[in-house]
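Trainee: build the 3D model from these lines:
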Amino acid sequence: MASEVPPPPRFFVLTDDMLGPHDTKFDSAEPVSTGEAPRCPQCGAIIGMRTWLPPYRGELELHGQGLGDFVESSGYDFLISERFAAAFRAEGLTGLLGFHPVQVLRVRRKHKGSKPGAEPRYYAVTACFGRGAVDDLRSHIRRDEPVKCPECRNSGVDSIHGFTLEPGSWQGEGVFRPRGLQGRLLVSERFAELVKRHELTNLKLIPTHEYVWDPLGKGPPTDNSAAGWQRG
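Mentor: Modelled structure (predicted):
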C-alpha cells in the first residue's frame, strides 16, 4: 500500500487585532535612530524598511481594555510581550530576530474604562526574510509591473486576493517575510497553534488563501499578465 502524501503546509498572515479587546499601538520616542534599509543580495533593490536602532523606547497607546502581547510599531519592527517571547523560545520556533528590551515611558489610554492590569515587559523584534517564495501563477496578486529578479521577486502590488507559496521553498521558519511579498508577515501552523494554546492577544491570523488587501478596489488579476514573471 502506497504511503499517503502529507498535505502541504498551511501559512497565515499575521496582523494586529485592530479595534479588538487588546488593541495596542506603540509610538517610538524621538529622536528615532534607524539603520540602512535591507536590500536584495542579487539585484540590490530595497526590499524593506529601515531597521530600528537603539535606544528602544517610546509610549504605548491602549485602544482596548488590556495591553496586547503583539504590538505593531513603525517600519518592520514590532513588540512582543515577555510571555510571548518565552513561549516562542520554549517551542523552539525560529524567524524572530533581536529581542531587545523596550523602555515604555508611559501608557496612554485612548478610551475610558477599567484600568489595565500590570504592564508587561516588551521586546523589540523583527522577522527574518525567509526563503519561502510566493507562487504568482497559483496566487491572485495584481502587480503594477512584472517580477524581474528571481531572488527577491519584489515588485509593486496593487491588490491581493489570496496567495500561496511555491512548494518546497519554505525552510521551516515560524515567522518570516516571503520572497515576493516582503511587506507581509507570514507564520506557520506551529506558530498558530502556539498563539491558540497560550491565548496570545492582539493578533489576527488569516489563512494566506483568504487574505485580501485591495485599497483601491482594483480586484484580482484577470489573467497572468498582471501577476507574472518577466521572462528574459
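Trainee: what's the residue nearest in space to the middle of the chain in contact with, if anything?
Mentor: In the chain, the residue lying closest to the centroid (C-alpha atoms, centre = their mean) is residue 185, at 2.0 Å. By C-beta atoms under 8 Å, 6 or more residues apart in numbering, residue 185 lies in contact with 13-15, 127, 175-177. Glycine gets a C-beta too; all of them are placed from N, C-alpha and C.
Trainee: compare those and tell me which is most surrounded.
Mentor: Neighbour counts for the contacts of residue 185 peak at residue 176, which has 26 neighbours (criterion: other C-beta atoms under 10 Å).
Trainee: pLDDT at that residue, what is it?
Mentor: Residue 176 is assigned a predicted lDDT (pLDDT) of 98.
Trainee: which residues sit against the longest strand seen in the chain?
Mentor: Across the chain, the longest stretch assigned as strand under DSSP state E is strand 96-109. With C-beta under 8 Å, 6+ apart as the test, strand 96-109 has contacts from 29, 54-62, 67, 77, 79-80, 85, 88, 116, 119, 121-128, 174-175.
Trainee: could you say what helices and strands the next helix or strand after it packs with?
Mentor: Sequence order places strand 122-133 as the next helix or strand after strand 96-109, per DSSP states H and E. Secondary-structure packing of strand 122-133 (3 or more C-beta pairs under 8 Å, 6 or more residues apart in numbering; DSSP states H and E): strand 77-81, helix 82-90, strand 96-109, strand 175-179.
Trainee: what's the angle between the third one and strand 175-179?
Mentor: This points to strand 96-109. 110 degrees (axes from the mean of the first three to the mean of the last three C-alpha atoms, to 10 degrees).
Trainee: kindly report the same for the first one.
Mentor: Per the same axes, to 10 degrees, the angle that strand 77-81 makes with strand 175-179 is 160 degrees.
Trainee: just the mean pLDDT for strand 77-81, thanks.
Mentor: Mean per-residue pLDDT for strand 77-81: 97.
Trainee: adjacent strands (with direction) for that strand?
Mentor: Strand pairing for strand 77-81, using DSSP bridges, gives strand 70-72 (antiparallel), strand 122-133 (antiparallel).
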